[in-house]
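Engineer: Structure for the following, please:
(2 chains)
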Number of protein chains: 2
Amino acid sequence: MKFTCPTSILSENISLAQKAVSIKSPFPVLTGILFVADEQNSTITLTATDLQMSIETSFPAKIINGGSVVLASKFLGDIIKKLPETELMFEYLPNEGKCVIKYGSSELSVATYRSEEFPKNEEVIDGESFYISGEEFSTFIKQVLFATGTDESRPVFTGVLFEIVGPELRLVASDTHRLAFRKTFIKREDTGKNINVIIPSRTLHEAVRIFGTVEEILIKISEGQVEFSGNGIKLTSRLIEGQFPNYQQVIPTAFKSNILVNKKYFLDSLERAALLPRDKDKTPVAKFYLEKENMIITSQSESGSIREELPISLEGEEFTVAFNTRYLIDVLKVLETEEIYLSLTGPLNPGVVKPVNDENYLCLVLPVRPS
Amino acid sequence: MKFTCPTSILSENISLAQKAVSIKSPFPVLTGILFVADEQNSTITLTATDLQMSIETSFPAKIINGGSVVLASKFLGDIIKKLPETELMFEYLPNEGKCVIKYGSSELSVATYRSEEFPKNEEVIDGESFYISGEEFSTFIKQVLFATGTDESRPVFTGVLFEIVGPELRLVASDTHRLAFRKTFIKREDTGKNINVIIPSRTLHEAVRIFGTVEEILIKISEGQVEFSGNGIKLTSRLIEGQFPNYQQVIPTAFKSNILVNKKYFLDSLERAALLPRDKDKTPVAKFYLEKENMIITSQSESGSIREELPISLEGEEFTVAFNTRYLIDVLKVLETEEIYLSLTGPLNPGVVKPVNDENYLCLVLPVRPS
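Structural biologist: Numbers count the residues shown, from 1 in each chain, chains lettered A, B, ... in the order given. The predicted structure follows:
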């Protein structure tokens, strides 16, 4: 294998692939990136995988000899960012077990593994597929991703439910204390088949990073696997096994009180109140006193106390409820409307945050029992 | 105590003072900031100290009642950055043991300590004093500060020697593996008295941060104490006790070889070579092969190897020497000239880095015994 290409292009593609490299693995080959030089298509393809998730990215290059090899990626990833911008000459020397990279009158070499040891990527075929714009995908995923849990003993809550019924895509995430829900419509051939799968949150973080700005993402879902592709890059991931609980029955439909409030002012007040964690468990808890035209937010700890007064417009009952301010902050940060609704069902039952003029999103938050 | 002032001004001054607050202290009062409201001068003065170092900063305010109190600083420092830009109303309520801050129709309160418990700041009087511009001070201190040690069991190496003889100020720092030296001339009344003190590196880090952009810093040095002042801010610190070793005798005066090299190219090469730490002790070591017109830099580890070729102009002997690349990188980063001299005394004796056209600076670096 021998080729030349500009430093910046190789650097970009290594950065992309590197997120799927296994940092510590019992299989050393997984700490590397597979390079495949395709002479016919004048293309280099990089692949990295930790067996859960894999990233594949291609770019054009002047190929002198085709071939393939796995390069140890830690040193390669670090050094590539520090090389001068030039035309790099890349050559695999199988007899010496190393790959030489020449730049100007200097050169470096990187340790290699044999490409035969690298796991084959399973193709996602016979799956259901649909298209979505990178921008929409990014916005919608971020609106639910924050609500996923981290408890590995309950894996279904560590991912996002993708439920597809006809042209409707529903995204749902919950850590059992809160639940975020987004609905949208997608471009899809109607196969009459519904989809109900859970995609790991880590995969979605990477998918947003990689595809957030591409025009269109193709998403293919098959038994146990999902594949995102666009812009010459392919991200493949295993799905989370298990059944996501019936989320619809926990979303309240009738409310005691509906509050309309300016999002920015509300967020600012909550961020101040969040600086006073409840002493016993360090959770930042605030009390919310509802009045017709005002919401009084109070919080206190050993270090001090705060009392914020916020103009609102209330329909319904005046009462007092307590929330973990962090949960409200998380959802307000991913909403783009100027005003939001906070709908409450009483001091001990879930509240719901909704953007104004968008019936397709909501975030449910359980209140805290006031101490 | 009661006063009003803009959020931004209070915030700036709290940030300044906070660097001297003791994060963990057996004396809770030291985790606070002393506020003194001077009615006559319409001035608020903030003071913080951890008994080693203290910062005092003043700003104008509308004082309604004079007085003083110590405010617990953690919550105060965090919340002040999140308050809206407005005229804050600040009021100490001694009977309730708290200080209330009003902003708009909202308010918060902060826990307090009695100002009588706060340690008195020792005035630095009868000291020797001199002036230096903030910019010069910042440049020169950074040129030696990186060479200080961190081993608390050898305290004299954890600070910078300030040696003043007549109008000449000499700054020296060493961790015993390298030594940085800067000489400059200062504005000073000639008292005929020489000065030889060691200032803690932490104090100098803060001094650079606080005074780096002020026009002129007044530095007063007395028995055991140093005081920096300028722009309404005063930084006081204890000196490090002990005698700095005679640095002059370790600086070589005759060299086997003198190399003139472009600083940026040299630095880039070293940063690449530094990515290959020597496996046994993780120190990044490179070998330097001197030739008349080229320096070959090589480094290797399990992950790979590198061979850089750099144009130089050599006067003297051709030989090979090894250095900890990190030490050379540190000094090159604080030099601003396009070219530097690397002067060598042989493979086992110290090398010296000097900027071109500046006889008042040098950094000595011990070589590594090649393995």
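
Engineer: So which bits of the stretch 51-200 of chain A are right by chain B?
Structural biologist: Within the stretch 51-200 of chain A, the positions lying close to chain B (Cβ under 8 Å from any Cβ of the partner chain) are A:72, A:74-76, A:78-79, A:82-84, A:98, A:104-111. Quick note: C-beta positions are derived from backbone N, CA and C, even for glycine.

Engineer: so how far is stretch A:163-172 off the chain centroid?
Structural biologist: Mean-position distance between stretch A:163-172 and its chain equals 18 Å (Cα atoms, centre = their mean, to the nearest Å).

Engineer: what does the average pLDDT come to for it?
Structural biologist: The average pLDDT within stretch A:163-172 is 96.

Engineer: For chain A, which segments are assigned as helices?
Structural biologist: Using DSSP state H, the helices found in chain A span residues A:7-18, A:73-80, A:134-145, A:201-211, A:263-273, A:325-333.

Engineer: Pull the number of nearby residues for the nearest residue to A:Gly166 once chain neighbours are set aside.
Structural biologist: Closest residue to A:Gly166 apart from its sequence neighbours, by Cβ to Cβ, 6 or more residues apart in numbering or on different chains: A:Asp190 at 6.6 Å. Neighbour count for A:Asp190, taken as other Cβ atoms under 10 Å in any protein chain shown: 7.

Engineer: got a list of what the spatially most central residue of chain A touches?
Structural biologist: With distances taken as Cα atoms, centre = their mean, A:His205 lies nearest the centre of chain A, 2.2 Å away. Counting by Cβ atoms under 8 Å, 6 or more residues apart in numbering or on different chains, A:His205 touches A:Leu145.

Engineer: returning to what we had before: is it correct that the residue nearest to A:Gly166 is in contact with A:Val165?
Structural biologist: No: at 10.8 Å, A:Asp190 does not count as touching A:Val165 under the criterion of Cβ atoms under 8 Å.

Engineer: what's the distance between the residue nearest to the centre of chain A and A:Phe146?
Structural biologist: 11 Å (Cβ to Cβ, to the nearest Å).

Engineer: Now do the same for A:Ile125: its pLDDT.
Structural biologist: 72.

Engineer: got a list of what it touches?
Structural biologist: Neighbouring residues of A:Ile125 by Cβ under 8 Å, 6+ apart: A:Ser222.

Engineer: For A:Tyr131, see how far away it is.
Structural biologist: 18 Å.

Engineer: again, but for A:Pro200
Structural biologist: In this view, A:Pro200 and A:Tyr131 are 22 Å apart by Cβ to Cβ.

Engineer: next one: A:Glu339
Structural biologist: Between A:Glu339 and A:Tyr131 the computed distance is 32 Å (Cβ to Cβ).

Engineer: now do A:Val226
Structural biologist: Applying Cβ to Cβ, the value for A:Val226 to A:Tyr131 is 14 Å.

Engineer: Run a quick neighbour tally on the nearest residue to A:Ser257 once chain neighbours are set aside.
Structural biologist: Nearest in space to A:Ser257, with sequence neighbours left out and distances taken as Cβ to Cβ, 6+ apart, is A:Gly316 at 3.4 Å. Per other Cβ under 10 Å, the neighbour tally for A:Gly316 reads 14.
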